[in-house]
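Visitor: next one to model:
(chains A, B, C and D)
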Number of protein chains: 2
Amino acid sequence: MATPNLDVFQVIADPSRRQILHLLTKNSYNINGLAENFKMSRPAVSKHISILQTAGFVTINEIGRERYCTLNQNGFIELQNWISYFDNFWISKLKKLEITLNKKTENL
Amino acid sequence: MATPNLDVFQVIADPSRRQILHLLTKNSYNINGLAENFKMSRPAVSKHISILQTAGFVTINEIGRERYCTLNQNGFIELQNWISYFDNFWISKLKKLEITLNKKTENL
DNA sequence: TACTTATATATGAAAACGGAAATAAAACAG
DNA sequence: CTGTTTTATTTCCGTTTTCATATATAAGTA
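Guide: Numbering: from 1, shown residues only, chains lettered A, B, ... in the order given. Presented below is the predicted three-dimensional model:
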């Protein structure tokens, strides 16, 4: 299918894909089952799932001709790692503020 | 400027914008200062900053004709909230596994 | 064979990204 | 105060990418 190799940020940028992930927190679905919950066609869902799988957000269990999708944590971890870098920024900012305040209270 | 009102996911989907955010963890920059760190033009940087500001990732301090950009936590919090919903999914999955294991060990 | 589930391919529409040129506004030199 | 430079934005344009559909194909199932 030549699934485009999108990074995790591009993958979750699409609202339909986020909705799919949301659905998969409730249950495991095959492509048809997912498509019933959307207005888009089955080929469209199939492509999204392919993208989600490639990026590590979804795992597929093939049972006969059906493909059951469940959430995969890997994609989320990659996102979390990116955010945690900035968390450190806020934490160190708080520390600097704390130091500044301590110095000021010393002079009281 | 009619900045497109992108959601936080679309905002961080662009690599240039993520690079800008990364740079802003090191320092506060004005538009020119940012542009010096990229191959793109100043208008391009200006547009990205506008998008980042609208989405709550960046705060702008105007000093004369210059506009100094610093990180704003709001955008990151919105992202974190989305991810935390899925964190709960993994946690409850672990709990279910724990219960299953407990039942099995009861039978030993 | 007929039906179901899913993917592949080709196509079209919409949006994003970036550049160039024009515009706006503030700082500054003479 | 006039003209110039600097900083930044706006507008317009072209390219590229993304998303979705329709159609056709492949493979499992009854």
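
Visitor: what is the burial count for whichever residue of chain A sits closest to DNA strand D?
Guide: Closest contact between chain A and DNA strand D, by C-beta to the nearest atom of the strand, is at A:G64 (2.4 Å). The way it works is simple: take the backbone N, C-alpha and C, and place the C-beta from them, glycine included. A:G64 has 5 neighbours, counted by other C-beta atoms under 10 Å in any protein chain shown.

Visitor: one more: A:L108?
Guide: 4.

Visitor: get me the contact residues on chain A for DNA strand C.
Guide: Neighbours of DNA strand C within chain A, by C-beta under 7 Å from any atom of the strand: A:1-3, A:30-33, A:42-43, A:46, A:49-50, A:65-67.

Visitor: which of those residues are buried?
Guide: The neighbour count (16 or more other C-beta atoms under 10 Å in any protein chain shown) marks A:30-31, A:46, A:49-50, A:67 as buried among the residues of chain A next to DNA strand C.

Visitor: nearest to B:W90, of the residues you listed?
Guide: Using C-beta to C-beta, A:I49 comes nearest to B:W90 of these, at 19.9 Å.

Visitor: would you double-check that that closest one falls in a strand?
Guide: No. Using DSSP: H, G, I helix; E, B strand; the rest coil, the assignment for A:I49 is helix, not a strand.

Visitor: in this structure it contacts A:I60, no?
Guide: Yes. The pair A:I49 / A:I60 is scored as a contact, 7.3 Å apart, by C-beta atoms under 8 Å.

Visitor: touching both of those two, which residues are there?
Guide: Both A:I49 and A:I60 are in contact with A:67, A:69, where contact means C-beta atoms under 8 Å, 6 or more residues apart in numbering or on different chains.

Visitor: and the residue of chain A closest to DNA strand D, how far is that from A:N30?
Guide: Remark: distance between A:G64 and A:N30 (C-beta to C-beta, to the nearest Å) = 10 Å.
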